[in-house]
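1. build me a model from this:
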Amino acid sequence: MSSLSRELVFLILQFLDEEKFKETVHKLEQESGLFFNMKHFDEQVQAGEWDEVERYLSGFTKVEDNRYSMKIFFEIRKQKYLEALDRQDRAKAVEILVKDLKVFASFNEELFKEITQLLTLENFRQNEQLSKYGDTKSARNIMLIELKKLIEANPLFRDKLGFPSFKSSRLRTLINQSLNWQHQLCKNPRPNPDIKTLFMDHSCTPTANGARPPPTNGPLMGPIPKAGAFPPIGAPGPFQPVVSPSPGAIAGWMSSTNPSLPHAAVVAGSPGLVQPSTAAAFLKHPRTQTGVTGMDYQSADSEHLKRIRTGQPDEVSFSGVMHTATVCSQDDLPKAVVRTLNQGSNVMSMDFHPQQQTVLLVGTNVGDISLWEVGSQERLAHKPFKVWDISAASMPLQTALLNDAAISVNRCVWGPDGLMLGVAFSKHIVQIYKYNPTGGLRQNFEIDAHVGGVNDIAFAHPNKQLCIVSCGDDKMIKVWDAVTGRRLYTFEGHEAPVYSICPHYKENIQFIFSTAIDGKIKAWLYDCSRSRVDYDAPGLWCTMMAYSADGTRLFSCGTSKEGESHLVEWNESEGAIKRTYSGFRKRSLGVVQFDTTRNRFLAAGDDFQIKFWDMDNMNMLVAVDADGGLPASSRLRFNKDGSLLAVTTSDNGVKILSNNDGVHLLRLLETRATDKNRGPSEATNSKPLLGTSLGPFANVSPSAAPVVERPDRTPAAVSIGSLGTMDTSRLLDVKPRISGDVDKILNWKMSDIVDTSQLKILRLLHDSRQWFTLMVVRLIYTNNGLALLALASNAVHKLWKWQRSERNPLGKATAYVVPQLWQPPNGTLMSNDVNDSKPTEESSACIALSKNDSYVMSASGGKISLFNMMTFKVMTTFMPPPPAATFLAFHPQDNNIIAVGMEDSSIQIYNVRVDEVKTKLKGHQNRITGLAFSQTLNALVSSGADTQLCVWSIDGWEKKKSRFIQAPAGRQSPLVGETKVQFHNDQAHLLVVHESQIAIYDSKLECLRSWSWSPKDTLTAPISSAIYSCDGLLVYASFYDGAVGVFDADSLRIRCQIARYAYLPSSAVSGNPVYPLVIAAHPMEPNQIALGMSDGAVYVVEPLDVEQKWGPQSSQDNGSIPSNSSNPSLSGQASEQPPR
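-> Here you go, the predicted structure:
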């Protein structure tokens, strides 16, 4: 059942309850199974209505579901049995025993025999255990207390014991809103409509003489009902007349489609509920949302938004072209870095030319704009900021520039024909340039457009006249003649600075959508100054909207003040969210923005990566890191055909990513440039108009939505514009890259690390000397990268948390700041259950974290324990040995399902919610030592101490393929010993780790490449552990002699060796051998690792300078196209992928 259908059931339940249909209410509760009414249950138990009690329970659980359910039914039937005995109704007691209680005999035969023996007693109270049984009423009360505890503990009742909170008579209110809406669309609206039925849509009948009633407050069409115009439906009903539909339904936003204008900027629109035939009519009646107060924003919001500018919305027009499916693959995505541009200052906005698809317009945080030919990496034009006519500037602008001369580009965008471009600045001004296709820019005119910052501009064609639309801090939207610069329209009505605009038209109705930083979305007609709609955007803060290239699908992207990001597709005909895309990190540090390309893909810059989605799939398709060097949230922009993608970098540059079509395009341009250079008469900067001379290129690339991470907000009394200048050096949440030559020198020095002065090491402190007599057998970073969890050989966990401080404002794990050894105030330890018959040192330990870091599942030879990470409390234990659990992995789509590798070589698929083993997988000959899920392959891969790899289908859990790992040259086959597996970020390539080798396998279990050790190598000891770096470009391996190797993930070439005496104290080097048993990779910092040692110590290790990498540069570092196996942002945890 969909979430909206569930909510509808709750609305019906509320309505039935208000109308006193009590029996019907409880029948619907039971049949839907959505809400367990504890009060009703209590009343039925107290009344002894046992048949009704069991019938009501049956809607939520059955006897055999789990142990809690079994106990609930047993207690009820036992009470019914005892009451029959107490009434001396032996016949009824026997009937209950045979029909109701016998089912429990198979679970506890002794108990059933004891219950049966009660029939032989004159008074069952003669039984010692029942000697304190009182009267019926007190017995029912005591039983109710126990039943409530069992119901609350039963996982099947989770989220069903509370009724959602919403206003009374909500269903009536929604119906009344719908009737108001229908009345507004009437062809003959009457001032006081008489609603007589809900079985058909409302329509006012014409007046007797056929004349229309006189217009009242509707500027374009007949009267518009005011609040209170509709009488309540039904005299006693508390109907609250509301003019507009609910805020979640972004209503009346056109459904018909026409071909779009060239991709000059992001298309922004808004969703709708009105069918094509009524689309125009909708905009002819204003919608306002009543009863909702506007958000109280502060200037700090305004200030901050200047730091987070992105792609520009532009007008899109449609002519009825229907959406057709396109056949695309990941190869259509521009993922390979082919060019790098050094802009020199922080890039705030970008836009590709609509015809010359390799010409890129760039605006920066210091107010300058540049034109780049990305093929040749040539800067065609550069214009630093200046006021063209200071004498004509307004006094507020002159004062603003006098007080603070700094100014930033908030948006730069091409006109639809590519012969004009507009630039919006963080103070007052819009500048319009004319463009010569040979690469020249000429000043056209300058507009002192808004008081404060100009936050967005777009081009539009109202009344077939080319215009410029702008919005700003002064809460206004203005429309200017694109030829003369004369102001044509002004729209007022927003109560906060206007964040974005989107000119648009459908069915010959021209309009503008606008969004403000208080989360309000409004629509405006050019010939009416009042807004046509007034709705809340998802997240209630900054939002932008865009259509697919053919105009048939509508998407929105925005972020709340708390950092919750929303990327959704809208159902225009219903005004409801059709699909919500997942894959963003939990808390974005800025406003998430996006761009669409063709009709298939979406993309976002998030977590130092570019993430792509197929429009038809809510799950992330793939993520790439563009060879590193991206900020936490890149701005990005596609060219018209989607073959190229421009992405901002943390070093004030732009990277150009390409697919195969883009590579061919650039090569074609290079060939033409070579031919032109042979002819001296040719103009050097001449650029062909690709859209006409080369024709369209057949490719489909993802629409991109850069996710801008939000730095800590500090209030200050400035406008949006004042934050337009962003200093990237102040962003702590970026992965910087340094220039090639310096990078090579620094990395060359680090190729062999033999001294503590060559790296940063942190030995974690703790409160127990005994810890150092143990071994760290499991080590894992939390998914948010803020803590490190170790499991020792004595079954005790240790948790280190990094605190926020001046040195570490984000509280991230780092070797430069000492963390806190964390424990709850009561001093509780997280200790696993142990097997008394087997020492913990000889037991296999396993651990897995939930995706939100709230729970950890762990075992050390005994039962599996589920711990609360905040309280260290044991939530539950299960699966007592034998056999013991040896490896744990969460199902990628359902945290209630876990795969448990066992000591007896089986794999058990266990459902935590119902406390049940769903299936057992058998195929290994020795204990399970590794498990890894792949959503892409829809498979589970297992590895064992028999060195066998098995692939299991997630759908039916059948074995699809198996093979033994290959033995290195000179070693006997088959191998034996622990084998671990971990999927790469691409979910197709598999890292396989054995003491003899590390290897990369493909989805068919074919070994693509491997590295094995031998005594002749520089790394001469067997491998103890290995793991991918978080970006998937490196493989870290630890060895039994204490050394650590850093390998290139693509080639498995050794990039760097860290000798044990470079990080171990002299006592550890000179005494008994100390070595890493386990290695963990930070989930966000690719150059940070943690080592769990054989003496119980834990070390955090990273390069001395955060700009350095381990070892010499790989092909990826030098900018070549990475192979398919080198996709980024892999989880550093083998047991579970962190949230994206």
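2. now find how far off-centre stretch 382-398 is within its chain.
-> 42 Å (CA atoms, centre = their mean, to the nearest Å).
3. confidence-wise, which helix or strand of the chain is lowest on average?
-> Of all helical and strand segments in the chain, the minimum by mean pLDDT, DSSP states H and E falls on helix 690-693, at a mean of 32.
4. give the residue farthest from the middle of the protein.
-> E122 (66.4 Å; CA atoms, centre = their mean).
5. for that residue, report the pLDDT, please.
-> As summarised for this prediction, E122 has a pLDDT of 86.
6. distance of it relative to R90?
-> Going from E122 to R90 by CB to CB, to the nearest Å gives 11 Å. Glycine gets a C-beta too; all of them are placed from N, C-alpha and C.
7. ditto for E569
-> As judged by CB to CB, E569 and R90 stand 66 Å apart.
8. tell me which of those two has more neighbours.
-> Using other CB atoms under 10 Å as the criterion, E569 and R90 rank with E569 on top: 21 against 11.
9. if you skip the residues just before and after it, what's nearest to that one?
-> Using CB to CB, 6 or more residues apart in numbering and skipping residues adjacent in sequence, the residue nearest E569 is R579, 4.3 Å away.
10. host element of A1080?
-> Applying DSSP states H and E as the criterion places A1080 in strand 1076-1081.
11. for I761, same thing?
-> Judged by DSSP H and E, I761 forms part of strand 759-763.
12. per-residue confidence averaged over that strand?
-> 91.
13. off-centre distance for it?
-> Distance of strand 759-763 from the chain centroid (CA atoms, centre = their mean) equals 33 Å.
14. sheet partners, orientation included, of that strand?
-> Here strand 759-763 has these sheet partners by DSSP bridges: strand 1098-1103 (antiparallel).
15. starting at the chain centroid, how far to the partner strand?
-> 29 Å.
16. with stretch 943-963 instead?
-> A distance of 30 Å separates the C-alpha centroid of stretch 943-963 from that of its chain, computed with CA atoms, centre = their mean.
17. number the residues from 27 up from this point.
-> Sure, I'll start numbering at 27, so the last one becomes stretch 969-989.
18. restricting to C-alpha, output it in CSV.
-> Extracted in CSV, the C-alpha atoms of stretch 969-989 (Å, rounded to 0.1, in the frame of the first residue of the first chain):
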residue,chain,number,x,y,z
SER,A,969,33.6,-16.5,0.7
GLY,A,970,34.9,-19.1,3.1
ALA,A,971,37.9,-20.6,4.8
ASP,A,972,37.7,-23.2,1.9
THR,A,973,38.8,-20.2,-0.4
GLN,A,974,35.7,-20.7,-2.4
LEU,A,975,33.6,-17.8,-3.8
CYS,A,976,29.8,-18.3,-4.3
VAL,A,977,27.3,-16.0,-5.9
TRP,A,978,23.7,-16.2,-4.7
SER,A,979,20.6,-14.6,-6.2
ILE,A,980,18.9,-12.2,-3.7
ASP,A,981,15.5,-13.0,-5.3
GLY,A,982,15.3,-16.7,-4.7
TRP,A,983,18.5,-17.3,-2.9
GLU,A,984,19.6,-19.9,-5.3
LYS,A,985,23.3,-20.4,-6.1
LYS,A,986,24.2,-18.9,-9.5
LYS,A,987,28.0,-19.6,-9.6
SER,A,988,30.9,-20.7,-7.5
ARG,A,989,34.7,-21.1,-7.9
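19. quick one on the thing from earlier: dump the residue contacts of the residue nearest to E595.
-> Applying CB atoms under 8 Å, 6 or more residues apart in numbering to R605 gives the contacts 594-595, 644.
20. one more: F192?
-> Neighbour list for F192: 36, 40 [criterion: CB under 8 Å, 6+ apart].
21. three-state assignment of it?
-> coil (DSSP: H, G, I helix; E, B strand; the rest coil).
22. relative to W828, how far out is the residue farthest from the centre of the chain?
-> Separation of E148 from W828 (CB to CB) stands at 70 Å.
23. what do you get for V456?
-> Per CB to CB, V456 is found 45 Å from W828.
24. quick one: W983 and V943 touch, right?
-> No - with contact defined as CB atoms under 8 Å, W983 does not reach V943; the gap is 11.7 Å.
25. so V689 sits in a helix?
-> Yes - counting by three-state DSSP, V689 falls inside a helix.
26. next one, pLDDT for it please.
-> Looking at V689, its pLDDT stands at 87.
27. the helices in the stretch 127-276 of the chain, which residues?
-> For the stretch 127-276 of the chain, the helices defined by DSSP state H, counting those that start in this stretch occupy 135-143, 162-179, 196-210.
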